[in-house]
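In: task: produce atomic coordinates for the following.
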Amino acid sequence: MQTASTSQTDEVPVYGYEVVNSWPHLRSHFTQGLVYHDGKLYESTGQYGSSLLCRLDLKSGEVKKKVDVDRQYFAEGMTILNDRIFQLTWQAHKGFIYDLKDFKPLGEFAYDGEGWGLTNDGQSLIMSDGTNKLRFLDPQSFSVVRTVEVFDQGKPLLDLNELEYIKGEIYANIWHSDRIVRIDPKTGKITAWINLAGLRPQEDGDDGDNVLNGIAYDSKTDRLFVTGKRWSKLYEIRLVKR
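Out: Model prediction:
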């Protein structure tokens, strides 16, 4: 296993945003993972007793297909690779594998530490655990191929959460933050920041945990989607350099 560690002190670009579109999002969904794949939107939601994996209609926000996660598990991030859906759990050291077409369970996998966010680069699963480390896992054996550590101005950037792999970079939500960080997957170096302050609907701020969490990318039309935990809206945004 290889570990990359890059301490960064140089200033990096900061982006703001423009809202291109917005659609309804179920406020009952404690969003943990968000993926746009082949024209369909998929979501993993958390909380004990209400965790699920679902496919949503983008425009209406309605659930078109779902599978409930056993009440003993708190579901976390998810990703799609090779027609399989991989879904993490928070503290159970266990992940679930589903068939993309019908959500049929295909198996489970184990990992050390907590499960937070999950994405992939087409070859490896990329996992966050709430620290400043990102683990790259073999999607067959689930062994750790390598890790990278992320530093911001010389200090570990903690609370890396929901992940999305976009154009050769890893986008990561920072837990309890309005910011998304963009990361070089080879070195862990921060390539840019995205400030989404003010995006959360005002009516959804009634709980301190209703924070930004959920990044999805439509590679065919170059659309970027974001939402948050128990947000009433899902947004398509355009990044604007400051």
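
In: give me the below-cutoff pLDDT ranges for the protein.
Out: The chain contains residues with pLDDT under 70 at 1-10.

In: what do you get if the cut-off is 80, keeping everything else the same?
Out: Scanning the chain for pLDDT under 80 picks out 1-10, 204-207.

In: report the central residue of it.
Out: residue 162 (2.7 Å; C-alpha atoms, centre = their mean).

In: helix or strand: which one has it?
Out: strand 160-166 (DSSP states H and E).

In: just the element for residue 33, please.
Out: Under the criterion of DSSP H and E, residue 33 resides in strand 31-37.

In: tilt between that strand and strand 160-166?
Out: 10 degrees (axes from the mean of the first three to the mean of the last three C-alpha atoms, to 10 degrees).

In: just to revisit the earlier point, from the contact counts, what lies against the helix or strand just after the strand holding residue 162?
Out: Going down the chain from strand 160-166, the next helix or strand is strand 169-174, by DSSP H and E. On a contact count with 3 or more C-beta pairs under 8 Å, 6 or more residues apart in numbering; DSSP states H and E, strand 169-174 meets strand 160-166, strand 179-183, strand 212-218. All C-beta atoms are positioned from the backbone trio N, CA, C, and that covers glycine.

In: can you list the strands that the last one pairs with?
Out: Applying DSSP bridges, strand 212-218 is found paired with strand 223-228 (antiparallel).

In: tell me how far the next helix or strand after the partner strand is from the chain's mean position?
Out: Counting by DSSP H and E, the element after strand 223-228 in chain order, helix or strand, is strand 233-241. Centroid separation for strand 233-241 versus its chain: 16 Å, with C-alpha atoms, centre = their mean, to the nearest Å.

In: tell me the angle of strand 233-241 relative to strand 212-218?
Out: Using the same axes, to 10 degrees, strand 233-241 lies at 80 degrees relative to strand 212-218.

In: quick one: contacts of strand 233-241?
Out: Residues from elsewhere that reach strand 233-241 (C-beta atoms under 8 Å, 6 or more residues apart in numbering): 13-25, 58, 61, 194, 196, 199, 201, 204, 214, 223-227.
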